[in-house]
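K.L.:
the sequence and its predicted three-dimensional model are supplied below.
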Amino acid sequence: MSLSIRPARASRAGFTLVEVLITLLIMSGIMVSLTEILTAARTARDTVHNVLETQTAGPAILDLVERDLRGILTYDTTRVNQLRIKNRVVMGFDADSIDFVTNSDSMVLHQLDERFVRADTNEVGYHLRPSPQNDQFLEIYRRESFGVDEEPFDGGVYQYLHDRVKAFDIQVFRKDGPDEEPVDHWNTEEGSEDIGLPARIEITLTLELAPRIVHEQLRVAPADRRTVVYKRVVRLPETLRGVEAKIPIPAIPTVASGSGSAAGNGANGAAANGTEVGGAAVGFGGKGKKGGKMGGGKSIQVAPPAAGGGGQHN
């Protein structure tokens, strides 16, 4: 009798459904954690970029305004044409404007004949308008007019500075003191006493952080921390705030008629007598030449004697 032995069935290796589900759950948790870390890093990067950009733009604009104000020009101009500040409100935001004449070099090249030149004295102003891209912000511009004309507060070329301005407020003080009340307008009405230069000007500029991406929401910075306020105080020296009569005006100096005639008569007499008045040797030489020519001989030009006298000739 023969016995047949069947081969043992080979065992199959694999994962159960529970093991696969547990693996997928662990991998999903890891991916979610990595996504949150990357999103936080990106948002932090964008926020830092926005803050640094705003912190660079705000002081740069105020530095430019102060530079122009430090060079404000009062020479050969009336007090009415020195400075004008208007209190304006645009779309509910402070949008004050300031205009003056400064001796700061122009930032815009102007074409003169076939050359591009810059002026040493210019009309400068700072103005705001609603942003055409976003009705929640204002745009600030720097106005510059080449040289000075009869209308120092109008005309010129406008340079774009920033497009996310929330406020541009200018306060003027007649006197420099902690208890002095500010003035909103300056030299805006005919016959006003607030003309010339004030003692102090305070400028407040409010900017909002600009998103790095169009649809970014700046989740790190809340709404009340998205705006940055910059303030600058400019004090004008008292020497520039004099009365109208003390403003220096260029003029051609005049000489009294009496002193001029006396000087002329003295010069004529010295030339006739040959005495030592500046160019005495020339006078004596001329006299010697004249005598020699009349006598028919040749003349010799010699130096004058120590105490006057006529020229010698042969």
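P.N.:
Received, thanks. What you see is a predicted model, and the numbers here were worked out from it, not measured in a lab.
K.L.:
and after the helix or strand where R42 lies, which helix or strand comes next?
P.N.:
Taking DSSP states H and E as the criterion, R42 maps to helix 17-70. With elements assigned by DSSP H and E, the helix or strand that comes after helix 17-70 is strand 83-86.
K.L.:
what's next to the helix or strand just after that following strand, contact-wise?
P.N.:
For strand 83-86, the following helix or strand on the C-terminal side (DSSP H and E) is strand 89-90. If you take Cβ atoms under 8 Å, 6 or more residues apart in numbering as the criterion, strand 89-90 is touched by 95, 128-130, 138. No exception for glycine: its C-beta is placed from N, CA and C like everyone else's.
K.L.:
report the buried members of the residues you listed.
P.N.:
95, 128, 138 (16 or more other Cβ atoms under 10 Å).
K.L.:
what's opposite the first one in the beta bridge?
P.N.:
Same thing as A95. Beta bridges link A95 to F168, judged by DSSP bridges.
K.L.:
and the buried ones among the contacts of strand 89-90 as TSV, adding distance to R226?
P.N.:
Listed next are the buried ones among the contacts of strand 89-90 as TSV, based on distance: Cβ to Cβ, whole Å:
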residue	distance to R226
A95	20
L128	19
L138	16
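K.L.:
could the residues you listed go into a markdown table alongside pLDDT and distance to L38?
P.N.:
Shown next, in a markdown table, are these (pLDDT from 0 to 100; distance: Cβ to Cβ, whole Å):
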| residue | pLDDT | distance to L38 |
| --- | --- | --- |
| A95 | 95 | 41 |
| L128 | 96 | 39 |
| L138 | 95 | 36 |
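K.L.:
out of those, which is nearest to M107?
P.N.:
Taking Cβ to Cβ as the measure, M107 sits nearest to L128 out of these, at 18.6 Å.
K.L.:
now do the contacts for the closest one.
P.N.:
L128 neighbours (Cβ under 8 Å, 6+ apart): 88, 90, 95, 97, 138-141, 165, 168.
K.L.:
at 6 Å what do you get?
P.N.:
For L128, the contact set (Cβ atoms under 6 Å, 6 or more residues apart in numbering) comprises 95, 138, 140, 168.
K.L.:
from memory the second one sits against K166, does it?
P.N.:
In other words, L138. No. Taking contacts as Cβ atoms under 6 Å, L138 lies outside contact range of K166: 7.4 Å.
K.L.:
picking that back up, ok, the contacts of L128 vs L109, which is closest?
P.N.:
Nearest to L109 among the contacts of L128, with distances taken as Cβ to Cβ, is I140, at 21.7 Å.
K.L.:
need the pLDDT of that closest one.
P.N.:
pLDDT, I140: 96.
K.L.:
what do you get for L73?
P.N.:
What the model reports for L73 is a pLDDT of 88.
K.L.:
do a quick rundown of the helices in this protein.
P.N.:
Applying DSSP state H to the chain gives helices spanning 17-70, 257-273, 280-295.
K.L.:
comparing those helices by mean pLDDT, which bottoms out?
P.N.:
Among the helices of the chain, helix 280-295 scores lowest, with a mean of 40.
K.L.:
just for the stretch 151-300 of the chain, where's the confidence low?
P.N.:
Applying pLDDT under 70 to the stretch 151-300 of the chain flags the ranges 210-225, 258-300.
K.L.:
hang on, the earlier thing: which of the contacts of strand 89-90 fall in strands?
P.N.:
Using DSSP state E, 128-130, 138 are the members of the contacts of strand 89-90 that sit in strands.
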